[in-house]
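Chemist: give me a model of this one.
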Amino acid sequence: MSTQIEELLKDLKLKYAVSAYQSLQDDQKLLASITLDDALLSLLTAEIDGRSKQRQIMLLRMSKIPVLSELSDIAYDENRGQKFSKLMARLRTLSWIETGHNVCILGSSGSGKTFISSAIAREATRKGYSVLFSNARDLAARFTELRAQGSRVYTQARKRLQNQRLLVLDDFCLTTPTAEDTQSLFDIMNDRSGKHSTLVTSQKDAKRWVEEMGISAVGEAVAERIEANSITMVLGTGSRRRKADEQ
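Modeler: This next block holds a predicted model:
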């Protein structure tokens, strides 16, 4: 009977339940002490937990998060202050992803923007959200290339990106984008506006973004869609990276 049950579990592709069932079979004393309901609950829980963990691994692998950082690694000190602590308390809940809010993390080079955004993105994958982390310039250039390949290819790429629950655009407007790349950024943000969250890190504020994008209607629209419905965090001046290297 046990072999037949195990084979049926395999046919149903319940591989984590199979492992849990084998463990129960190996512990006859435990098996004799629990009810049928308890045994079924144990198998189903093992299957759900196993699938959840496997999904987390897949989401993390596909996210392309560049920095190995966790929320617990983020430093809270006098330089960052109480406002930073309050904003982080809000961001770490990830409730803003559910409501489709955007996040802007602004600060000078080395202030910790990529470190913090990587930690947030990693936590999002752990909670089951699909994430894509990309340098803003690289993603815009890639989409410009795809647009040149034809509307069908471009539309498919836009749909895939639109479905990401969290998009992280790192180093936004660090360099001046071309008019074509600005159009790509508009398409990306227009697709996501009011639907899914985008986290932007930048050394510049929204006014400077518009200047970098050529003070055009398209550039203004990109900045407006990022800023609308957003949570903004401004990090302290000075390079934490340089300070850490000195220490």
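
Chemist: so residue 105 bridges to which residues?
Modeler: For residue 105, the beta-bridge partners are residue 201, residue 233 (DSSP bridges).

Chemist: could you report the neighbour count for it?
Modeler: 25 (other Cβ atoms under 10 Å). Every residue, glycine included, has its C-beta placed from N, CA and C.

Chemist: same question for residue 119.
Modeler: 23.

Chemist: and the next helix or strand past the helix or strand hosting it?
Modeler: Assigned by DSSP states H and E, residue 119 belongs to helix 113-126. Downstream of helix 113-126, the first helix or strand assigned by DSSP H and E is strand 131-135.

Chemist: note down every partner strand of that following strand and its orientation.
Modeler: Here, using DSSP bridges, strand 131-135 pairs with strand 166-170 (parallel).

Chemist: so what's the model's average confidence on the strand it pairs with?
Modeler: On average, the pLDDT along strand 166-170 is 98.

Chemist: could you chop this protein up by domain?
Modeler: Listed by automatic domain parsing, the domain ranges of the chain are 2-62, 64-246.

Chemist: comparing those domains, which comes out most buried?
Modeler: Across the domains of the chain, the average number of neighbours (mean count of other Cβ atoms under 10 Å) peaks for domain 64-246, which reaches a mean of 17.

Chemist: which helix is the longest one in the chain?
Modeler: Selection of the longest helix in the chain by residue count, based on DSSP state H, yields helix 36-63.

Chemist: please name the residues that touch the residue nearest to residue 126 when sequence neighbours are not counted.
Modeler: Setting aside the residues directly before and after it, residue 126 is nearest to residue 56 in space (Cβ to Cβ, 6 or more residues apart in numbering), at 5.6 Å. Residue 56 is in contact with 125, 126, 128, counting by Cβ atoms under 8 Å, 6 or more residues apart in numbering.

Chemist: turn those residues into CSV, columns for pLDDT and distance to residue 168.
Modeler: Formatted as CSV, the contacts of residue 56 follow (pLDDT from 0 to 100; distance: Cβ to Cβ, whole Å):
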residue, pLDDT, distance to residue 168
125, 97, 11
126, 94, 15
128, 94, 17
